[in-house]
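K.L.:
sequence plus the predicted model coming up.
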Amino acid sequence: MAARNVAWIEAKIAAQCACRDPICAVETGDELGEWILAHLGDARLDEAQRQRLREGLATFVACLGSGLASGVTAAQAMVALRSFETRMCACTDAACVERTTEEMIATAKKYEHIKASEAETTEAAAIIERVTACAAKMLPP
């Protein structure tokens, strides 16, 4: 089951990278994020599978970043933010939290010029609150 799950995620990431418009990116990213949150904990992954997922998520973030030259939209930035929520909530140790936080900060700097709607700003704040809660669970008291 774990191998099938990893293959599904890799295929979804490839679909995400093939998106050429924000609607596709948001829909694909939402589907990926929802599936990961609902099912990833069910699978027991070996180290090779975890590495494939790490590489896949790095590819996912790179795909999001490659759109910057052509003008990233707020919708694409939201996809990136949701992906960091998924990654942070999947962390199992403080090193993962630190690594994910550093990548999230670097990505946020790339998107700082984007003008978001009030609804997007509210949604982003809620996602960041969940990211923070997930990170806090992994940090020592």
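P.N.:
Great, that's in hand.
K.L.:
can we go C-alpha only for contacts and neighbour counts from here?
P.N.:
Will do.
K.L.:
tell me where the model's unsure across the protein.
P.N.:
1-2, 20-23, 25-26, 36-45, 60-72, 139-141 (pLDDT under 70).
K.L.:
could you rerun that using 50?
P.N.:
The chain contains residues with pLDDT under 50 at 67-70.
K.L.:
can you map out the helices along it?
P.N.:
Assigned helices in the chain, in chain order: 2-18, 22-39, 47-66, 74-90, 94-111, 118-138 (criterion: DSSP state H).
K.L.:
export those helices to a markdown table and tack on mean neighbour count?
P.N.:
Putting the helices of the chain into a markdown table (neighbours: other Cα atoms under 10 Å) gives the following:
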| stretch | mean neighbour count |
| --- | --- |
| helix 2-18 | 17 |
| helix 22-39 | 16 |
| helix 47-66 | 16 |
| helix 74-90 | 22 |
| helix 94-111 | 15 |
| helix 118-138 | 15 |
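K.L.:
tell me the contacts of Lys115?
P.N.:
Applying Cα atoms under 8 Å, 6 or more residues apart in numbering to Lys115 gives the contacts Ala74.
K.L.:
ok, now how distant is it from Leu32?
P.N.:
25 Å (Cα to Cα, to the nearest Å).
K.L.:
try Ala108
P.N.:
From Ala108 to Leu32 the distance is 20 Å (Cα to Cα).
K.L.:
next one: Lys137
P.N.:
For Lys137 relative to Leu32 (Cα to Cα), the value is 23 Å.
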